[in-house]
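Peer 1: Next come a sequence and a model predicted from it.
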Amino acid sequence: MKLFAFLSMLLLLTPVGSVGADQETEPQAAESTDRFDIVTHNFTRDGNEVEVWIKIDRFTGQTWELDGSREMRWKTIPELKESEKPTAGGVLRYELYAHNFTKGGKDLEVYFRFDRQTGKTWRWSGTDPGWAVVDQDK
């Protein structure tokens, strides 16, 4: 009888709303921490070292640039063609990669946005007006 009374009292002290509440918030917390990714990229522009950050929404593919040598604010990197805009999804599908290279004696940088679901790839450089689709042989 004492055990029954103890369990009954314990049940009354447990808030009803808390049962399962932690389970509901865990996926949302994981989603919010994994949704955005930032790639830091160092390169030389006009003989000066420059650091640029690119932020990507891994669900939608939307990207922003923050150039440490210019205005310190996130600026949207546009899509060159609306028809080539990335498709939003319910999973982490977009990745971002940065690459330095030299062409004609000039240091250049290029970024690649990759859709892990479709295999589609876009390229963008700080001198380009926006993301352009990278053609692929079939």
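Peer 2: Happy to help now that I have it.

Peer 1: residue contacts, Thr102?
Peer 2: Contact analysis of Thr102 by C-beta atoms under 8 Å, 6 or more residues apart in numbering lists Leu108. Any C-beta I mention is one placed from the backbone N, CA and C, and that applies to glycine too.

Peer 1: quick one: it is in a strand?
Peer 2: Yes - assigned with DSSP: H, G, I helix; E, B strand; the rest coil, Thr102 falls within a strand.

Peer 1: For it, give me the pLDDT.
Peer 2: On the pLDDT scale, Thr102 is placed at 82.

Peer 1: Does Ile56 touch Arg35 like I think?
Peer 2: No - at 9.4 Å, Ile56 does not count as touching Arg35 under the criterion of C-beta atoms under 8 Å.

Peer 1: Tell me which of the two has more neighbours.
Peer 2: With neighbours defined as other C-beta atoms under 10 Å, Ile56 and Arg35 compare such that Ile56 has more, 22 against 13.

Peer 1: Can you work out which other helices and strands pack against the strand or helix carrying that one?
Peer 2: Remark: Ile56 resides in strand 48-57, with elements defined by DSSP states H and E. Contact partners of strand 48-57 among helices and strands, from 3 or more C-beta pairs under 8 Å, 6 or more residues apart in numbering; DSSP states H and E: strand 36-45, strand 63-67, strand 94-103, strand 106-115.
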